[in-house]
Every structure is written in structure tokens, then in C-alpha cells.
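Colleague: my questions concern the predicted model and sequence given below.
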Amino acid sequence: MPGHDIPSQAWTWDKPFQLECGGTLPSLRIAFETWGKLDSRGENAVVVLHALSGSSHAFSSDWSSQGGWWEGLIGDGSPLDPRKHFIICSNLLGGCYGTTGPSSMDPGTGAPYAANFPQVTTGDMIEAQRLLLQSLGVQRGLTLIGGSLGGMLALQWATRHPAEVRNSIALVAPGRSGPQAIALRSVQREAILSDPDWNTGDCYTGRFPARGLALARKIGMITYRSADEFEERFKREQRDPRPHFLEGQFEVQSYLDHQGRKFSDRFDPNSYLYFSRAMDLYDLSKDHASLQDAFGALEARVLLLAVNSDFLVRPVEMLEAHEALLNAGKRSRFELLRSVHGHDAFLIELPQIREHLSRFLPDE
């Protein structure tokens, strides 16, 4: 079954956890990893927030020497230095790498929740993280950093709990999900749902929607990268030059096939569905007169990092959030990464990111 516990610490909450869309989880389990130590004031914490397909393993650690999904962003001399900071990354609520999610056992049935797991929101993910931090002695002075879904959480946390957050750093994340991103994610979900082996979510024994999940990932990869990168890497080179569509294959198709197979070997299709939908529902302006109004109570310094070639979250969408922050009288900095890698540049362009972090966090 793809999606599994990875080497990490685990924290449990043995009380009911109320969800924003209705429903209650009887308890929580959160997988997490840490780097560095908490200072005597409990105010040197950096919370790393992962994207849709991520886990708690952002960097190599005492728990696992294998490189993490943001390997190279922290370290000696980095603006995020374990010698100075207490860095925490956990698997988000609804995930499949050790945190309570659709693959967890429903105590009412003795079987995995599957599609009966209640819909979680970005707000729910934040509240679960806050409980974990409180158990670790961390409550304020936070620096939050994340890309894509993680960037959404960094902005929403600073908006929802302003007294807790000192710095909010959001990469390739808007103030609200736009219609194009919602449309693209809806088609990815449809790819999973249309696979008969999804079996209304009951895919933890026997049947598994590998083809549907792989197709969702292939669609996702097209949105995560850029046309210029595909041209640069693949051009019109062919793996199989035969003309019939059942036989011939371009190199870019082979790349997508590889990405789809690799992803379906490691991820839970139900977590994909729940995270994707949570991203669609994300809207900081909900219940406010405007996005500017939503930022009214925010106290944090904000850094927004967009990518010039990002097709999924266009720089103009992040500029909307930046301008709303400035109009609300907040301290916001907008920077544009130059990259051929599109949305995924937040995982790739580490020298640029570290440079911007160094300027934003000079005394941290």
C-alpha cells in the first residue's frame, strides 16, 4: 500500500478534534521531525510546511540520513540554521506518512476511513500543527515557511493567529486559489475517481488505482513545470518513432510515465484527493470584505516568493496578496525567482531562495 510511516517521531492527541467542515476525529497522530534545539524562551522555532506530496522528512536528520524533499535549504551558514533555530516539520493532517488520514483506522468500523474520512481544510491542518507545537513548548515567535500548499498554510496561520507568528514566508502560494488551479486539480481528482480500482476509496487491500493516481500525477507534473523547461529538456525527441499512437512515444511522454509510476508507488490516492480539495477551498478572503480586510490583524513580516515561469500560481496572483498586505499597512516583501522550472522551482532553486531568505532574515 503506497503511503506509509517513514522514520520520524510521533505525537498523539487523545481527545476529540473538531473539523471546520463538520465531523470530529476521535484522536490525532502526527508524524514529525525536528532539527536543532528550542531556546530558553521557546521563541526560535521555524515551522516548515510541506506541499501536497510532501512529508515530515524535509531534510536528512537523526531519524533518517536519506536526503529530504527540501535538502540543502538548511544547514551551517544558511538563514535557517539548526545551530540557531529549532526547526520542525510534520506530516499534515490527512496525509499518508504517519499522520492521521484516510488510511488510518476508523475506530467505529475497524477498517480504514478511506473516503469516509471527513474533509479537512487548510485551517484544520494549522490547528493540528498548533497542538503539536504546544506539546513541544512552542507557542509564539514563529517563523513559518512553505511552498505551494505549505505557503498557503504559512499565510493563513499568520492571518488566523497573528500573535504567534513573527515571520511568514510563502513560496508559490496565493491569497486564495484561482479558478484555473481549481480546474486543473479537479481534473486530477477525476483521473483517480474514474479508475475502477479506486473502489469508492476502499483501495487498501487488493485493488489499488495505480493508473488513476499515475495519470493525476502526470497532469500535475505538466502544471508544476514550464513549457520552456520541456523544450529545453525534451524538444521533439522520440523514445519510439513508430507513427501509430499505440506504439510511438516522445521522450516527454516517457518522462511523464516515469513520474506517474514513481508517485503511484509511494502515495495514497485518498490523501491526494483530500489535500487537493483542501487547496481548492483555501481562500483567505472568505468571511471578510476583501483580501485586504483579511490581513487586518496580521502582525508578521511577510515574504512572498513567486516564480516567473509558474503556470499554476501566476506571479500576478501573489502580487494581489502583496498589494493587499501593503494596503492593509503590513510589512510585505515580494520577490520574483527567475527559473525555467515553473511551480517546482521552490524545490529546485535553492541558491536563489537562500539569498532571499538571507536578506529577509538578516538577524534571525
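Modeller: Looks like it came in fine.
Colleague: now residue 341: how far from residue 334?
Modeller: Distance, residue 341 to residue 334, using Cβ to Cβ, to the nearest Å: 19 Å. Any C-beta I mention is one placed from the backbone N, CA and C, and that applies to glycine too.
Colleague: can you check residue 248 too?
Modeller: As for residue 248, its distance to residue 334 is 44 Å (criterion: Cβ to Cβ).
Colleague: who's more crowded, those two?
Modeller: Regarding residue 248 and residue 334, a neighbour count based on other Cβ atoms under 10 Å identifies residue 334 as having more, with 17 against 13.
Colleague: for the more buried one, which residues make a bridge with it?
Modeller: With DSSP bridges as the criterion, residue 334 is bridged to residue 304.
Colleague: can you pull the pLDDT of it?
Modeller: Residue 334 is assigned 98 on the pLDDT scale.
Colleague: ok, residue 363 next?
Modeller: 60.
Colleague: tell me if I'm right that residue 115 and residue 101 touch.
Modeller: No: Residue 115 lies out of contact with residue 101 (Cβ atoms under 8 Å); the separation is 11.9 Å.
Colleague: between the two, which contacts overlap?
Modeller: With contacts taken as Cβ atoms under 8 Å, 6 or more residues apart in numbering, residue 115 and residue 101 have residue 270 as neighbours in common.
Colleague: of these two, who's got more company?
Modeller: Shown here are residue 115 and residue 101; by other Cβ under 10 Å, residue 101 has more neighbours (24 against 16).
Colleague: helix, strand or coil: sort out the more buried one for me.
Modeller: Three-state call for residue 101 (DSSP: H, G, I helix; E, B strand; the rest coil): coil.
Colleague: what does residue 46 give?
Modeller: strand.
Colleague: what is it paired to in the beta sheet?
Modeller: Here residue 46 sits in beta bridges with residue 87, residue 143, as judged by DSSP bridges.
Colleague: do you know the pLDDT at it?
Modeller: 98.
Colleague: please apply the same query to residue 74.
Modeller: For residue 74, the model assigns a pLDDT of 89.
Colleague: so what's the most centrally placed residue in the chain up against?
Modeller: The centroid of the chain falls nearest to residue 51 when counting by Cα atoms, centre = their mean (1.5 Å). The contact partners of residue 51, taken as Cβ under 8 Å, 6+ apart, are 146-150, 346.
Colleague: repeat that for residue 151.
Modeller: When contacts are counted by Cβ under 8 Å, 6+ apart, residue 151 touches 49, 169-173, 346.
Colleague: do residue 353 as well
Modeller: Residue 353 neighbours (Cβ under 8 Å, 6+ apart): 73, 171, 305, 337, 346.
Colleague: how far away is residue 105 from residue 75?
Modeller: Remark: distance between residue 105 and residue 75 (Cβ to Cβ) = 38 Å.
Colleague: and the two? Which one has more around it.
Modeller: Shown here are residue 105 and residue 75; by other Cβ under 10 Å, residue 75 has more neighbours (15 against 11).
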